[in-house]
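[1] what's the 3D shape of this:
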Amino acid sequence: MGTRDLTFDEAAHVYRAGGVVVPSVTQVLSPLVDFSGVPEHILEAKRQLGQEVHFACQLDDEDDLDESSVAHHVAPYLAAWRAFKRDTGAQVLMNERRVFDPLLLFAGTLDRVVRLNSHHWLIDLKTCISCPIAVGPQTAAYLRALAEPEVTHRGALRLRPDGTYRLDALTDPKDWACFMACLTLQRFKESHHD
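    Next comes the predicted model:
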């Protein structure tokens, strides 16, 4: 079972490998994220913004973006993505790539792999002010599932509403161990579910 056997139901946000449901990286890392104090309408607005920004950046990378389709609230984030590419000379090698680990049975969709300063970086695009706690383990899981030895660096690229950006290198050696701890917890809960 490999990536070619992987399917994704976007409406339900469900990955299947060979027809069998496998957890997403986001689901596995849910114990690290607590949005219980955030009103539902704010969460939904942030989720929607993230999707719109990701889609605009994806179309821009594919040279398929209709500028007139970019919503006013998305434009500064797109400008930040373009500024990052222009300022750093980053070359996009992979864009919204689905990945699957056939041994550990989890899946996800990484945002970008770019060539930057002669290194290959796996980069997660973010529209938040601070770097989320789960992004290190998230990118470590994507890197493991991607299984491309030339991709050696991980980062979170925070795109800001003023058109600026910040690249945070993710180098904590505990990131993979954290993901594995969450995956072990997920498997334990699944095995004890009636």
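[2] For the closest residue to Leu104 other than its chain neighbours, what are phi and psi?
    Spatially, and ignoring its direct neighbours in sequence, Leu104 is nearest to Leu183 (6.5 Å; CB to CB, 6 or more residues apart in numbering). No exception for glycine: its C-beta is placed from N, CA and C like everyone else's. Main-chain dihedrals, Leu183, degrees, to the nearest 10: phi -70, psi -40.
[3] what's the burial count for Leu183?
    For Leu183, the neighbour count with other CB atoms under 10 Å is 21.
[4] Mind listing what's buried along the longest helix seen in the chain?
    Ranked by number of residues, the top helix in the chain under DSSP state H is helix 40-61. Within helix 40-61, the residues that count as buried by 16 or more other CB atoms under 10 Å are Leu49, Gly50, Glu52, Val53, His54, Ala56, Cys57, Gln58, Leu59, Asp60, Asp61.
[5] now what about it, what contacts it?
    Here helix 40-61 makes contact (CB atoms under 8 Å, 6 or more residues apart in numbering) with 35, 65-66, 70-71, 73-74, 77-78, 81-82, 92, 95-96, 111-112, 125, 127-128, 159.
[6] Can you name the next helix or strand after that helix?
    Note on helix 40-61: by DSSP states H and E, the next helix or strand toward the C-terminus is helix 75-88.
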